[in-house]
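Asker: What would the 3D arrangement of this be:
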Amino acid sequence: MTLTAAGAAVVNGGGNLPDFTVTAASTTGQTSSATANVNPADTDTNEPLTLTVTPVDGPFVEDSTNAGDTVATSTANDPDGGDITYTIDDTTNYAIDASTGTVTLTAAGAAVVNGGGNLPDFTVTAASTTGQTSSATANVNPADTDTNEPLTLTVTPVDGPFVEDSTNAGDTVATSTANDPDGGDITYTIDDTTNYAIDASTGTVTLTAAGAAVVNGGGNLPDFTVTAASTTGQTSSATANVNPADTDTNEPLTLTVTPVDGPFVEDSTNAGDTVATSTANDPDGGDITYTIDDTTNYAIDASTGTVTLTAAGAAVVNGGGNLPDFTVTAASTTGQTSSATANVNPADTDTNEPLTLTVTPVDGPFVEDSTNAGDTVATSTANDPDGGDITYTIDDTTNYAIDASTGTVTLTAAGAAVVNGGGNLPDFTVTAASTNRTNFLCYSQCKPSRYRTNEPLTLTVTRRRSIRRRQHKRRRYSSNIHCK
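Answerer: All right, here's what the predicted structure looks like:
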C-alpha cells in the first residue's frame, strides 16, 4: 500500500491522512472479502513546538521588589494541538505557572534584588503531552532583570585659590570620582569647554588657555558642571556643580588709617572723640570687618573703621598723658579671607603741653677794656612735657650768639666792642621751639641794664694859692671810684 501523489501532498501540507478501508477478494472459485479500518492518527506528522520567553520591561529597583513580582511571560505553540505544560530550572529564585508560563520572583529572589545583587539566569521548558510529546527551552539572560544601582559622583576642587599672573593652561581645577555598583564603564563630560577641559576617563578638570587668561586678568572663573555616565548594562548619570568661589583669584586687601588733624587738648577731650578713620578695599568684593588691638583706650566701628576714644582714653589725654600706639586690622570674609594692618603713631594724637623757657643772666657786670667775644651773657633752659626736641634762637645776632642746642648766649666781637667802647649792651630776646610734630614757641626778653659797663670815675684836684708850697708838697691826695 503506497501513497498517491495526493496523499503525499496532504502530509507535506501538514494535514492528517484520512481513514481508509482495505478489501480482499478471491476470484478463483468463490469470491470472499475482508475489511480493515486504519486509524489515520497512526500516520500523523509531529509538528515542532515553539516557545518564547519575554522579560518584563524595566529593571527591578533595590528595596522596592517583592515576592510575586513578574519576571517574564512564556508563550508556547504546538501545531499538533497538544496541551502545553511549563517548567523552570531555578525554583529557588523563581516560580512559574505551569499552565500560563508566567515567571515570578520567590521571596528568595526578591531578597537578592533588595540586597543589591543580580538575579541569576533561568531556563523555561514547554512540553506538549497530547498525542505526541514535544518540548522547547528558552534561556533568559539575567542582565535583563538586573537591579540598577544608582551611580555616585564627587567633584573635589583643588586646595587654595589660583594666583593672578601665575596661572597656566593645564593647571588642575578639580578631580572627579564616580562609582557604578553595577560595574558600568564611566565616562566624564563637562558643560563649560571654553574655560575647562576634562579627561573623559579620569574626570580630572584642568584650565584651558582661555580659563588661565581669566585668572591672570584678575577675573573669577565661572561655574561648571561635571556629568558622569555609566554605559554598561544600565545607563546612570550624576551631576556635580562646582562653585567658582572655590577657584577665585585672591586679590590683596588694602588698608589706610588716617589720624584726625590736630592734637587733642588737655581738659577738653571727651569719650567718643574721633581719633582716626579707616578705609579698606578688597578687589574680590569681600565684606570687610575692622578690629583694633587696644580696646582699653579706643573703640572701633566694625563696619566703618572709625576709631574713637573710650572714657579711659579721654582720661589719659585730660590727665596730661600721651595716647598709646594702636593697630587696626581689616579682614575680608567673603570668598577669600585677606587682612591688612595699619599701625598708628600715638604722637599724632598727643596732648599739646605748653613749653616753658627761663633765661638767666650771668652774675656781675662786664668790664670795659676787659671783655672778649665769646664771653657768656646768659644761659637758657626750656622744657617740653611732650618730649619735643628744643632749638634756641636769638633776635640780635649782631651783638650776641646763641648755641642752638644748649641756649647759652655769648658776645660776638661786635658786642664785646660795645662794652670795651664804654657802651651799653642792647636788649635781646631768646626763643625756644619744640619741633616734635607741632612747633611750640616760647619767648624770654633780657634787659640790657643788667649788663651796664663799669665806667671809670674821674677826679680833678685844684691847688689853693694861699697855701705855701711847703705845705702842698706835704699833703697826700686820693680819689675814690664808685661803680653803679
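Asker: Okay, domains of this structure per the record?
Answerer: 5-43, 50-145, 152-247, 254-349, 356-451 (automatic domain parsing).
Asker: wouldn't Asn270 be in contact with Leu309 here?
Answerer: Yes: with contact defined as Cβ atoms under 8 Å, Asn270 reaches Leu309; the gap is 7.4 Å. Just so you know, the C-beta spots here come from the backbone N, C-alpha and C atoms, and that holds for glycine as well.
Asker: Need the domains of the chain in JSON lines (columns: mean pLDDT).
Answerer: Listed next are the domains of the chain as JSON lines, based on pLDDT from 0 to 100:
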{"stretch": "domain 5-43", "mean pLDDT": "66"}
{"stretch": "domain 50-145", "mean pLDDT": "83"}
{"stretch": "domain 152-247", "mean pLDDT": "84"}
{"stretch": "domain 254-349", "mean pLDDT": "84"}
{"stretch": "domain 356-451", "mean pLDDT": "84"}
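Asker: In CSV: the ones you listed, plus mean neighbour count.
Answerer: CSV is the format used below for the domains of the chain (neighbours: other Cβ atoms under 10 Å):
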stretch, mean neighbour count
domain 5-43, 10
domain 50-145, 17
domain 152-247, 17
domain 254-349, 17
domain 356-451, 16
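Asker: any idea how far Glu226 lies from Val71?
Answerer: Heads up, residue 226 is Val, not Glu. 36 Å (Cβ to Cβ, to the nearest Å).
Asker: what's the answer for Ser166, then?
Answerer: 61 Å.
Asker: likewise Phe224?
Answerer: Taking Cβ to Cβ, one finds Phe224 at 43 Å from Val71.
Asker: repeat for Ala378
Answerer: 123 Å.
Asker: same question, Ser303
Answerer: 68 Å.
Asker: Please apply the same query to Asp57.
Answerer: For Asp57, the distance to Val71 - Cβ to Cβ - is 12 Å.
Asker: do Asp284 as well
Answerer: With Cβ to Cβ as the criterion, Asp284 and Val71 are 59 Å apart.
Asker: Likewise for Tyr298?
Answerer: 80 Å.
Asker: for Thr100, same thing?
Answerer: 13 Å.
Asker: And Ala212, by the same measure?
Answerer: Taking Cβ to Cβ, one finds Ala212 at 55 Å from Val71.
Asker: got it, and Ile190?
Answerer: Counting by Cβ to Cβ - Ile190 and Val71 are separated by 39 Å.
Asker: And for Ala197?
Answerer: Taken as Cβ to Cβ, the span from Ala197 to Val71 is 45 Å.
Asker: likewise Thr175?
Answerer: From Thr175 to Val71 the distance is 41 Å (Cβ to Cβ).
Asker: Likewise for Phe162?
Answerer: Phe162 is 54 Å from Val71, by Cβ to Cβ.
Asker: got it, and Pro79?
Answerer: 28 Å.
Asker: ranges for the helices of this structure?
Answerer: Assigned by DSSP state H, the helices in the chain fall at 5-12, 107-114, 209-216, 311-318, 413-420, 469-474.
Asker: between those, which one is nearest to Glu62?
Answerer: helix 107-114 (5.9 Å; Cβ to Cβ).
Asker: which secondary structure elements does the closest one contact?
Answerer: The criterion is 3 or more Cβ pairs under 8 Å, 6 or more residues apart in numbering; DSSP states H and E, and there are no helices or strands that helix 107-114 contacts.
Asker: which outside residues touch it?
Answerer: For helix 107-114, contacts defined as Cβ atoms under 8 Å, 6 or more residues apart in numbering pick out 60-67, 69, 71, 92-94, 105, 118-119, 147.
Asker: So which of the residues you listed belong to strands?
Answerer: 71, 94, 105 (DSSP state E).
Asker: picking that back up, adding distance to Ile292, write the helices of the chain out as CSV.
Answerer: Putting the helices of the chain into CSV (distance: least, Cβ to Cβ, whole Å) gives the following:
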stretch, distance to Ile292
helix 5-12, 111
helix 107-114, 63
helix 209-216, 35
helix 311-318, 11
helix 413-420, 57
helix 469-474, 100
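Asker: looking at those, which is closest to Ile288?
Answerer: Across these, closest to Ile288 is helix 209-216 (Cβ to Cβ), at 23.0 Å.
Asker: gap between the closest one and the chain center?
Answerer: A distance of 19 Å separates the centroid of the chain from that of helix 209-216, by Cα atoms, centre = their mean, to the nearest Å.
Asker: Give me the contact list for it.
Answerer: 162-169, 171, 173, 194-196, 207, 220-221, 247, 249.
Asker: mind redoing it with 10 Å?
Answerer: 161-171, 173, 192-197, 205-208, 219-222, 224, 244, 247-249 (Cβ atoms under 10 Å, 6 or more residues apart in numbering).
Asker: hmm, back to that, need the residues touching each of Asn270 and Leu309.
Answerer: Joint contacts of Asn270 and Leu309 (Cβ under 10 Å, 6+ apart) are 264, 317.
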